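> Need coordinates for the below:
(4 chains)
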2 protein chains.
Amino acid sequence: MLINNVGEYLKNHGVKPSFQRIKIFEYLFHHNNHPTVETIFKNLVGTIPTLSKTTVYNTLKLFIEKSIAKVVNIEDIETRYDADTSVHGHFKCKKCDEIYDFYVDLNKVNMKDIENFDINEYHIYLKGICNKCLTNQIN
Amino acid sequence: MLINNVGEYLKNHGVKPSFQRIKIFEYLFHHNNHPTVETIFKNLVGTIPTLSKTTVYNTLKLFIEKSIAKVVNIEDIETRYDADTSVHGHFKCKKCDEIYDFYVDLNKVNMKDIENFDINEYHIYLKGICNKCLTNQIN
DNA sequence: GTATCTGCAAAACATTTGCAATTCT
DNA sequence: AGAATTGCAAATGTTTTGCAGATAC
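Presented below is the predicted three-dimensional model:
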């Protein structure tokens, strides 16, 4: 997805584009590493010295409501956020802690137990060792 | 899975079978509704009046380590636990809050972005409206 | 008798809430 | 001015930690 005007994008999705909201969305959009509230706050408080974590929380909640961001709950402790709203999975490497996005088409998967259910949220979190760490391993 | 002797089962998986551990495992095993620490505690404190939540936390952590239980992180707030360690997905109905287990085999799915990755944990959480609630709806 | 297990009380930590100050129109 | 937004400070709720007492082998 390409967004040339974040203010317009927010407006088109029912979010009034304040300075804070634009900066938070820009950060989320340009950092595809699924940042936490803490990360977003730390990286923006330099640009917006008065910024508070409450605003980051409020803003992300608003983004979720308006469907321009998604929650990534792959960590047990902190919630992560993603501006990529397409259906995709996340893989977390237990060695290097990196989180990889991966394409997955669940329409092709047989899930007979929940046939005819109306599914509108997909959370697919896999964990293990990534290819890079497997290769670096000297077994 | 059928377990006729919980004590033996725990022992075989490296867990010393104390009274508390047996009761907690039994509860988890016979209640396939993915209970929270709170739920487990409330339901067992009648049988074990001295029971503390700390012990429930400690015990579940031990079960996870020994791979006889799994975390179900479908809720944002509380962690749920499952004694069914087979790979399966969870569906949460946003209307009735029921959590359904469903069979899913990701081995047949093309996930080229993480090809050759060593995957050893699967968390598949879907949300929406279950069949029962869809049928009951008077649209 | 030593190691493990249990459980209370306090701490830690992420997130939410109440409310006052600020900003925008 | 009026409504929405921001942000501080306090509260909430889950989970963890430190440690002392109890239990098991």
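> Adjacent strands (with direction) for the biggest strand by length in chain A?
With DSSP state E setting the assignment, residue counts place strand A:118-129 as the longest strand in chain A. Neighbouring strands of strand A:118-129 in its sheet, by DSSP bridges, are strand A:89-93 (parallel), strand B:118-129 (antiparallel).
> Serialize the ones you listed to a markdown table and add fields for distance to DNA strand C, mean pLDDT and mean neighbour count.
No exception for glycine: its C-beta is placed from N, CA and C like everyone else's. Output for the strands paired with strand A:118-129, formatted as a markdown table (distance: least, CB to the nearest atom of the strand, whole Å; pLDDT from 0 to 100; neighbours: other CB atoms under 10 Å in any protein chain shown):
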| stretch | distance to DNA strand C | mean pLDDT | mean neighbour count |
| --- | --- | --- | --- |
| strand A:89-93 | 16 | 96 | 22 |
| strand B:118-129 | 16 | 95 | 18 |
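> now these as TSV including distance to A:Lys66?
Output for the strands paired with strand A:118-129, formatted as TSV (distance: least, CB to CB, whole Å):
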stretch	distance to A:Lys66
strand A:89-93	22
strand B:118-129	18
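> ok, back up a step: does the helix or strand just after the longest strand of chain A reach chain B?
Tracing the chain C-terminally past strand A:118-129 and defining elements by DSSP states H and E, one meets helix A:131-136 next. Yes - legend: contact between helix A:131-136 and chain B by CB under 8 Å from any CB of the partner chain is shown at A:131, A:134.
> isn't A:Asn116 right next to B:Lys132, touching?
No - at 10.4 Å, A:Asn116 and B:Lys132 do not qualify as touching, with contact defined as CB atoms under 8 Å.
> And the strands paired with strand A:118-129: which comes nearest A:Ile3?
Each of the strands paired with strand A:118-129 was scored for nearness to A:Ile3 using CB to CB, and the closest is strand A:89-93 (21.8 Å).
> Go ahead and name everything in contact with the closest one.
With contact meaning CB atoms under 8 Å, 6 or more residues apart in numbering or on different chains, strand A:89-93 is reached by A:34, A:72, A:74-75, A:98-104, A:124-130, A:132-133, B:111, B:114, B:117, B:119.
> let's go with 6 Å and repeat that
A:72, A:74, A:99-100, A:102, A:104, A:124-127, A:129-130, A:133, B:114 (CB atoms under 6 Å, 6 or more residues apart in numbering or on different chains).
> for these, which one is nearest DNA strand D?
A:Ile74 (15.1 Å; CB to the nearest atom of the strand).
> quick one, phi/psi of the closest residue to A:Asn73 other than its chain neighbours?
Taking CB to CB, 6 or more residues apart in numbering or on different chains as the measure, A:Asn73 lies nearest to B:Asn73, with 5.7 Å between them; neighbours along the chain are not counted. The phi and psi values for B:Asn73, taken as degrees, to the nearest 10, are phi -100, psi 40.
> pLDDT score for B:Asn73?
B:Asn73 is assigned a pLDDT of 95 by the prediction.
> Quick check: which of the strands paired with strand A:118-129 is nearest to A:Lys53?
Comparison of the strands paired with strand A:118-129 against A:Lys53 by CB to CB identifies strand A:89-93 as nearest, at 23.8 Å.
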